[in-house]
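S.K.: predicted model follows, preceded by the sequence.
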Amino acid sequence: MRHLLGLLLAAALFATPALAVRPGEQLPDAAQENRARKLSAELRCLVCQNQSIDDSDAPLAVDLRRIVRERIQAGDSDATIRDFLVARYGAFVLLRPPVSGQTILLWSLPALALALGGFTAWRLFRRRPEEVAGDPEERLSPEEQAELRALIERQGRGGPAS
Amino acid sequence: MIVEFGHFALILGFAVALFQATVPLWGAIRGDAVLARLGVQAALVHFALLALAFAALTHAYLVSDFSVLNVFQNSHSLKPLIYKWSGVWGNHEGSMLLWVLILALFGAGVAVFSKRLPDDMLGATLGIQGLIASAFCAFLIFASNPFLRMPNPPIEGRDLNPVLQDPGLAIHPPLLYLGYVGFSIVFSFAAAALVLGRVDAAFARMIRPWTLAAWITLTLGIAMGSYWAYYELGWGGYWFWDPVENASLMPWLTGTALLHSAIVLEKREALKTWTILLAVVTFSLSLLGTFLVRSGVLTSVHAFAVDPERGLFILLILIAFIGGSFALFAARASALQGGGLFAPVSREGALVFNNLFLSVASLAVFVGTLYPLLLEALTGAKISVGPPFFNLTAVPLMVPLFLAIPFGQKLAWKRGDLLGAGQRLWICMVLGVVGAAISAYAAGGGPVLALAGIGLGIFLVLGALDDLLERALRGGTGMILARIRAIPQSITAMALAHAGAGLMVIGISATAFETEKIAAMKPGETLALDGYTLRLEGIGPVTGPNYNAIAADFSLRDPSGAELARLRPAKRVYIGRQMPTSEVGRYRHGLSEIYIAIGETSDGQHVDLRAYHKPYVLLIWLGPLLMSIGGILSLLDRRLRIGVPARRARLRPEPAE
């Protein structure tokens, strides 16, 4: 349910949630069509709920797929097509946000966290014995230590193990 | 009348939760065993009351009592019985009631199974669990009450969202909630340990069964949801990096890390603060997920009720619990001394490596999910962070982690021998490369990354099984059976879980080799698909209990021309909401599937379709299933089930003054 409990919303937006790319839309050239599919998977359907235009059946997604294919047939590069769509719809259309001042943190945080975590782990390994609190046994309260001694004695006399 | 009874039980349950949140906690802090032990009765009564409330709402659904607003909005008298039943949690209020019921279930579980805990630990844990229950009971009663009546009851309900009318819905949410909410009890244990300033090996043993139980159900819940999306959405996709999916993945990643760090704490008394932090973070991420899904701040296919008031309520709960627990952590963490020493190459070192990569992966998912929200709030700029981001950050982080698993399994505690561990593993590695080469040959080439993934998966599976083999063969070939029987259940469990991860990696990598055909077909036409032949036999209407459908009838033939199956993908329109859904047609052979979804059939003459051959696709879900089976096996290990070694910290009742 978490999954999709809200296709309610989605369903209001598109008529048939099943089929995205329709047979008639495909380009005759297989290599070009392949490029179009790859590019479409990284472009957001702006009126949908977090779907790429390749996955969506919304009329806008159909239009965008057509634009992408027209541009590819006209000989534009992927970058040119992306720029064209960003100029028209804003950076929101790109599912892979380009690295910029606004997104530098987004792209670098995982790497920074890995470096920081790795450094902390390295420090953990470098600890010296004197930095570590002694044997667990020494941290027991006096009563607990007495109990432990009693247990050991009992076992020594051949009492029930554990 | 039954509805009012349930409503009353819910309010009474709230009152009991308030008691549970205060008296036992006070008793634990003051050292009063009688007060602390009252948590046991409170937790049981609270659970009983919530169960009554839930039963009352279920009854209203089963008899289609449309005078209840929630039933009217989400049910229909013609709906099949199983969906009337599962519809109870197919909406915001009902699922929230299930959420609180499960919260109560885990509290009651501790009350029943962990009676041997020291009094103060038990009281503090149940008290904090009661605190969480109070907050969510208040949310339920004041902002999401499922028991509200309508003054003029309508004759028919609005029906449940059709995509939710699926057997998957009956299982997926309860499993997911058991996982999500199950981590609440681990959180309560951690907070109690911080309050009492006592974190040791006994603590790790205490949280172990609960962490495992939550992890098993969360694993199954996520896998179930993924499988459901695969067959219900008609895209054939299994994971979309949708914010709500991410919300369940984040606690899974940190929960998996917790499962492993608790082992280090139990065996070596090390990683104390880290284990506590993971326990706190895991449940915080569960809460965050609940907030994201229900507040409407996310644009997601899953977005639930878009209601700012509710969002604010949950946000306040979120801030109170996360802020409170982190403040507690900051105040008390320094008091927890780290334990035993170990070398980087050791079992502990491998588990630290595991924790590092799992936590950073969780952070990458966290950043990718929340960054657009924060950026828009701060600067007004709208950006999208979609699947390409996660495929470039979180997925590569998994590779070193998976590579390290077979080595970690073989390393000794304190100081291990990497060369020794690698001695047997190089055979597994060679077999992995051979497997990848065979796949490349069979598929006539293929993406290098996908082939590497298949090799990695095979290495993981073989590495996990080799661990068992090595134990069976250790010291000669005699008495193998006796030695196999002597392998501790928890070791077998670990091997199965890790092999499951390997199977999943193979399944995911194999998606690169799928074949997709998009076509428009008329009856009588055929379509070739990887040697199979699909023939459209006809298109016709179908009438279901509460829907009408147009179904296409395909025959599927193998290369020799023999008919294997008839596949009937359909487009349904549900009568209650006039909403279309698609039903896919699937044929399974081995672990692979033929998968067909249909689109437009408007003129009744031809049908648009997408047909796939998906090799080994079922491994994507069989892997996690095996992981959960490993978890269950570990949970049932008798050596570990036998109670926590009871510290004699039993408090004496204080005499009255």
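M.R.: Sure thing, it's come through. Numbering: from 1, shown residues only, chains lettered A, B, ... in the order given.

S.K.: pull out the CA atoms of stretch B:352-361 and give them to me as CSV.
M.R.: Output in CSV follows, covering the C-alpha atoms of stretch B:352-361 (Å, rounded to 0.1, in the frame of the first residue of the first chain):
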residue,chain,number,x,y,z
VAL,B,352,33.0,-1.8,10.9
PHE,B,353,33.6,-1.8,7.1
ASN,B,354,30.0,-3.1,6.7
ASN,B,355,28.7,-0.4,8.9
LEU,B,356,30.6,2.3,7.2
PHE,B,357,29.3,1.5,3.7
LEU,B,358,25.7,0.7,4.8
SER,B,359,25.5,4.0,6.7
VAL,B,360,27.0,6.1,3.9
ALA,B,361,24.6,4.4,1.4
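
S.K.: tell me where the model's unsure across the chain.
M.R.: Just going to use chain A. Applying pLDDT under 70 to the predicted model, the residue ranges of chain A that meet it are A:1-19, A:128-140, A:155-162.

S.K.: I was after chain B.
M.R.: When the per-residue scores of chain B are filtered using pLDDT under 70, the ranges that remain are B:234, B:295-308, B:337-339, B:475-478, B:601-604, B:638-657.

S.K.: all strands of it, in order?
M.R.: B:515-521, B:526-529, B:532-543, B:547-557, B:563-567, B:570-574, B:579-583, B:585-589, B:592-598, B:607-614 (DSSP state E).

S.K.: distance to residue B:457 and mean neighbour count for these - can I get that in JSON lines?
M.R.: Using the backbone N, CA and C atoms, a C-beta is placed for each residue, glycine as well. What follows is those, written out as JSON lines (distance: least, C-beta to C-beta, whole Å; neighbours: other C-beta atoms under 10 Å in any protein chain shown):
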{"stretch": "strand B:515-521", "distance to residue B:457": "21", "mean neighbour count": "17"}
{"stretch": "strand B:526-529", "distance to residue B:457": "25", "mean neighbour count": "15"}
{"stretch": "strand B:532-543", "distance to residue B:457": "25", "mean neighbour count": "16"}
{"stretch": "strand B:547-557", "distance to residue B:457": "28", "mean neighbour count": "20"}
{"stretch": "strand B:563-567", "distance to residue B:457": "28", "mean neighbour count": "15"}
{"stretch": "strand B:570-574", "distance to residue B:457": "35", "mean neighbour count": "22"}
{"stretch": "strand B:579-583", "distance to residue B:457": "31", "mean neighbour count": "21"}
{"stretch": "strand B:585-589", "distance to residue B:457": "20", "mean neighbour count": "17"}
{"stretch": "strand B:592-598", "distance to residue B:457": "16", "mean neighbour count": "24"}
{"stretch": "strand B:607-614", "distance to residue B:457": "16", "mean neighbour count": "24"}
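
S.K.: minimum distance to residue B:503: which of those strands has it?
M.R.: Relative to residue B:503, the nearest member of the strands of chain B by C-beta to C-beta is strand B:592-598, separated by 13.9 Å.

S.K.: domain-wise, how is chain A divided?
M.R.: According to automatic domain parsing, chain A comprises the domains A:7-93, A:104-156.

S.K.: contact partners for the most centrally placed residue in chain A?
M.R.: By C-alpha atoms, centre = their mean, the mean C-alpha position of chain A lies nearest to residue A:110, the distance being 10.9 Å. Residues in contact with residue A:110 (C-beta atoms under 8 Å, 6 or more residues apart in numbering or on different chains) are B:360, B:361, B:363, B:364, B:367, B:393, B:394, B:397.

S.K.: noted, bye for now.
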